[in-house]
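[1] how would this look folded up:
(one chain, ligands or ions: 1)
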Amino acid sequence: MMAGSSSSMVPLPRDGTLTIGRGAGAELLVQDASVSRRHARLSVVDGEARITDLDSHNGVRVNGEHISGEQVLRGGDVVMLGDVTLVFQRRDIPPPQRLLLDAAPLRDRLAEELERVLRYERALSVVALALGPTNVPLEELVRALGGGLRLMDLVGRGGPTQLLVLLPELTAEEAEEVVQPMLESLAPLAPEVRAGVACAPQDGLDADTLISAARAVALTAPSGGLRISGPDLYQLALGERSVMVADEAMVRLFELLRRLASSPIPVLIHGETGAGKENAAWAVHHWSPRAQRPFITLNCAALPESLVESELFGAERGAFSGAVASRAGLLERASGGTLFLDEVAELPLSVQAKLLRALDQQRITRLGDSRERTVDLRIVAATHRVLADEVKAQRFRQDLFFRLSASVVVLPPLRNRPRELPLLATRFLQEALTRAGRTAPRISAAAMDVLRAHPWPGNVRELKNVMEYAATVATGPLLEASHLPDSLQRPPGEEAPPPPAVVPAQDTAPASFRPIAEEVRELEYRRMREALEAAGGVQTRAAQLIGMPLRTFKFKARRYQLPRPRAARE
Ligand SMILES: Nc1ncnc2c1ncn2[C@@H]1O[C@H](COP(=O)(O)OP(=O)(O)OP(=O)(O)O)[C@@H](O)[C@H]1O
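    Residues are numbered from 1 along each chain as shown. The predicted structure follows:
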């Protein structure tokens, strides 16, 4: 309220009325000659405020207009009672109920907003709120986000325990100021809530990329805290390891691993050879309460059958020829921590029975010993085989299969991870050259095409080897297709070999299907390249050829690292 040269704040009742005037009976006294004794009444009912002129001498004006009778007030309205000014602020009135959008409409709205980002060169932030364990329904959590959100902000479902918030016009730094209070208001209801913020245009210009990016950074945020995307956006720091996670399926997989980590149930990881199963197992360990205890790996395929048992259970001195000293087995050494059984399908049947008993009873007996020892085990197992088929073929015990597969996750093969491929290739190239004390060359578009076309039966491990080879061959500033091993080159026109069958899983699509967004991106990349070639490297002309706004074309061309023939000639 501003009267003469003084101003003051007058809190209003949440529900009720307030008479304003100069007379003794007024609840809000205003000592100004232009104000009548009983000038106006302000009432707040069900969150709506109204002002009523009580037949005052000088009347009531709202935003400069004289009112007759009563009028609803909105936040920011300026009310004049004679010469006294009141500015109405709604800060303490609950905001209107916010809609919780489903995933698909939210994605559509994000796509619309991204068009605006491109057209008007605006910013947009996407916030992933990973809620962690909570029994509170999503709708209630959305209410708890409260008045911190603007009307234009949108909230939607990101998954069973995740909310996504779109903050148009806000850069990542501006979003940080909005997200911090959000976390504070959610904390009493979801104590382990974590937030990840990704921002257009720098982190991506399509809905899938931005949502994945926000979810990927949320994975690395501390409990109750937030992380903002940066240049190392897709590097998931897991203690002593760092894993690249950029494709939607991988982000979802690591979110699931993080959720599974807190409980002691076994996790079974399906995935092709070299796809990163050990890293996934490490993630479970790293995020679990056992992180400070040992993480022990046994590759069941690498040991002869005769040694597996003593390796797992340990042996007393003299238990068999060669057992010169008593030795604890891996189950004992992993007690309190995590035991990773790689290629578990290769475990001999006789050992499977013993392992099941050890897991059920949490007790083991060393070979040649009669004493039982108590252990505290968490098992993560992995296989490239379909374990259910191994059970049918009677090569794997059904009861152990049930025990190990309390939760099953499927690691997608590298050929189904189009976003990670270039990131991993660049990272491995850099790693190889840093070791040699050289700076890494840029990977040419043609070389990247060759990498994209390869089916990668050996997955990430094969890519790592290829980039190490290329690092020794490419000595200039550009890594060309010719620097890649011959095994990757196919004569033009030859069909790619059919990709090896992938492990069927409950929550991944069959091998022949891929997320449509990935296919669209690949088509876009190809068409943009062809248009650029046809236009001799002139971007304006290339953009016209495929009917894409020039600004969009330029932006995407930079992201895809498209070559520019004309620029190169110049
Ligand atoms: N997402 C990733 N980011 C960075 N490096 C990775 C990633 N995935 C795998 N690697 C690297 O690729 C190599 C193979 O990964 P890993 O050993 O985890 O695969 P695997 O599926 O367990 O293999 P195998 O089937 O032979 O047991 C390792 O050097 C690993 O660090």
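[2] element containing the residue in the stretch 51-200 of the chain positioned nearest to the ligand?
    Proximity of the stretch 51-200 of the chain to the ligand (C-beta to the nearest ligand atom) peaks at G196, 17.8 Å away. (Glycine included, C-beta is placed from N, CA and C.) Taking DSSP states H and E as the definition, G196 sits inside strand 194-200.
[3] Toward the C-terminus, what is the element adjacent to that strand?
    Immediately after strand 194-200, counting by DSSP H and E, sits helix 207-220.
[4] Show me what that next one is packed up against.
    helix 103-120, strand 124-130, strand 162-168, strand 194-200, strand 226-228, strand 235-238, helix 248-261 (3 or more C-beta pairs under 8 Å, 6 or more residues apart in numbering; DSSP states H and E).
[5] Using CSV, please lay out those together with mean neighbour count and mean pLDDT.
    Formatted as CSV, the helices and strands packed on helix 207-220 follow (neighbours: other C-beta atoms under 10 Å; pLDDT from 0 to 100):
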stretch, mean neighbour count, mean pLDDT
helix 103-120, 16, 86
strand 124-130, 28, 93
strand 162-168, 24, 91
strand 194-200, 26, 90
strand 226-228, 21, 89
strand 235-238, 18, 87
helix 248-261, 21, 90
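[6] Indicate which one of these is closest to I67.
    strand 162-168 (34.4 Å; C-beta to C-beta).
[7] Can you give me the buried ones in the helix or strand just after the closest one?
    Where DSSP H and E defines the elements, the next helix or strand beyond strand 162-168 is helix 172-186. Neighbour counts over helix 172-186 (16 or more other C-beta atoms under 10 Å) mark 172, 175-176, 178-179, 182-183, 185-186 as buried.
[8] where does the stretch 301-450 of the chain dip in pLDDT?
    Per-residue confidence for the stretch 301-450 of the chain (pLDDT under 70) gives these ranges: 319, 321, 323.
[9] gap between G23 and L54?
    11 Å (C-beta to C-beta, to the nearest Å).
[10] How about F295?
    F295 is 76 Å from L54, where distance means C-beta to C-beta.
[11] Settle it for me: which of the two has more neighbours?
    F295 (22 against 15; other C-beta atoms under 10 Å).
[12] Which pLDDT value goes with the more buried one?
    Looking at F295, its pLDDT is 97.
[13] beta partners of it?
    T338 (DSSP bridges).
[14] Could you find the closest non-adjacent residue to S242?
    Q235 (5.0 Å; C-beta to C-beta, 6 or more residues apart in numbering).
[15] actually R116, not the one I typed
    R122 (6.0 Å).
[16] And the residue in the stretch 201-350 of the chain positioned nearest to the ligand, what's its pLDDT?
    Relative to the ligand, the nearest point of the stretch 201-350 of the chain is G276 (2.8 Å; C-beta to the nearest ligand atom). If you check G276, the pLDDT there is 95.
[17] What is the burial count for A49?
    Neighbour tally, A49, other C-beta under 10 Å: 19.
[18] For the host helix or strand of it, buried residues please.
    A49 is located in strand 48-53, with elements delineated by DSSP H and E. Using 16+ other C-beta under 10 Å as the test for burial, strand 48-53 gives 49, 51-53.
[19] ok, residues contacting the following helix or strand past that strand?
    Of the helices and strands lying after strand 48-53 in sequence (DSSP H and E), the nearest is strand 60-62. Residues outside strand 60-62 that contact it (C-beta atoms under 8 Å, 6 or more residues apart in numbering): 39-40, 51, 53, 66-67, 71, 73, 77-81.
[20] Out of the residues you listed, which sit inside strands?
    Using DSSP state E, 40, 51, 53, 66, 71, 73, 78-81 are the members of these that sit in strands.
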